Structures are given as structure tokens and as C-alpha cells.
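In: what follows is a protein structure lacking sequence information:
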């Protein structure tokens, strides 16, 4: 029963993250460029901003799942932290690999990569949650890494480094779109 419950929640998470993440691509603009919305919404077309729209819904779902699954699994924090790191790793790796080969990006492939990254992250999370033994040290380290990731995704939209991941290929800028 535990396996089925965890699996059901991870599948539900796939749909939740994909749907909410897709909506977050547009919420900053739809909010009238309201700065608080920029925390979780894409504010430009940079790779970093597309990583955010996978991260924040996954974090929100982690919080929801925590109250349901924390007693069902011994490795919840470890599993979810690994999945939260996998999303940007898979997106970045696949995106830059295919664009290096093709010399351009293709919208359909970009969307597919987003979906694939969520599916991979949720599958890995599921497998890690089903481990029989608890890894307390690994869970503590994972919690530290989770906090680091939350801080990074909270701060770097407002203070983006001049690094290729943060550069908007449409306007050449970094961070928040400034409209007068």
C-alpha cells in the first residue's frame, strides 16, 4: 500500500508541477510586472528564469507532500532535494546539448525538455523514497542543499550575475524586465 500511495503522489506531482510551471511562465507579465510575482514567475526568456518555473511548483508540491508522505518514507527530504536539483540539471543539460547540435532552439523541444525533466525528477524521487533504510546524514546534507537552492532561486532574479544562464536572448538583458 505504501508503494502505491507514494507512486500516486509522485504522478500527481508530475501533473501539478507541469501545469503550474507552465502558468508561471506568464504570471509576471499578466500581473502587470508586479515585483512580488517575479519571485516565482519567469521575468524574461533566460535559461535561469525557465529553471525557476520548474523549481517553485516542485517546492510547493514538496510542502504539500510533506504533510502526507513524511511518515510513509524514511528519505523524504533526500528524495525531494535530489529531485529539485535534477529539474534544472536535466533542463540545462538537454537544452544546451540539442541547441549546440542544431544551432538553434525549437519551441516544441523546449516544452518537451521541461516535461521530461519533471518526469525524471519525480521518478528519481519515488525511487529514493522507497529505500528501506534511513540516511539521516544524507538527509541533513540534503536539507542544507535545499536551503541553498531556495536562496539561489529567491535572490538571483533580482541580482543576476552576468553569466550565460541569466542572459535574456531576446533583449540581451539580465534579471527583471524594466518597463517605463
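Out: Received the coordinates, thanks. Everything numeric here is computed off the predicted structure, so don't read it as measured data. Residues are numbered from 1 along each chain as shown.
In: beyond the lowest-mean-pLDDT helix or strand in the chain, next helix or strand please.
Out: Least confident helix or strand, the chain: helix 27-30 with a mean of 92, by mean pLDDT, DSSP states H and E. Of the helices and strands lying after helix 27-30 in sequence (DSSP states H and E), the nearest is helix 47-69.
In: so how far is that next one from its chain's centroid?
Out: 6 Å (Cα atoms, centre = their mean, to the nearest Å).
In: quick one: list the elements packing against that helix.
Out: helix 2-24, helix 76-102, helix 107-129, helix 136-155 (3 or more Cβ pairs under 8 Å, 6 or more residues apart in numbering; DSSP states H and E). Using the backbone N, CA and C atoms, a C-beta is placed for each residue, glycine as well.
In: quick one: low-confidence parts of the chain?
Out: Residue ranges of the chain with pLDDT under 70: 1, 177-180.
In: try 50 this time
Out: 180 (pLDDT under 50).
In: show me what contacts the residue nearest to the spatial centre of the chain?
Out: Centroid-nearest residue in the chain, with Cα atoms, centre = their mean: residue 55, separated by 2.2 Å. Residue 55 makes contacts with 84, 87-88, 149, 153, as judged by Cβ atoms under 8 Å, 6 or more residues apart in numbering.
In: let's go with 10 Å and repeat that
Out: Going by Cβ atoms under 10 Å, 6 or more residues apart in numbering, residue 55 touches 17, 21, 24, 40, 84-85, 87-88, 91, 149-150, 152-153.
In: now list the buried members of the residues you listed.
Out: 17, 21, 24, 40, 84-85, 87-88, 91, 149, 153 (16 or more other Cβ atoms under 10 Å).
In: please report how far residue 89 lies from residue 113.
Out: 12 Å (Cβ to Cβ, to the nearest Å).
In: ditto for residue 101
Out: 13 Å.
In: of these two, who's got more company?
Out: Taking neighbours as other Cβ atoms under 10 Å, residue 101 and residue 113 compare with residue 113 leading, 21 against 7.
In: from residue 133, how far out is the more buried one?
Out: Between residue 113 and residue 133 the distance is 33 Å, computed by Cβ to Cβ.
In: which residues sit in contact with residue 162?
Out: residue 174.
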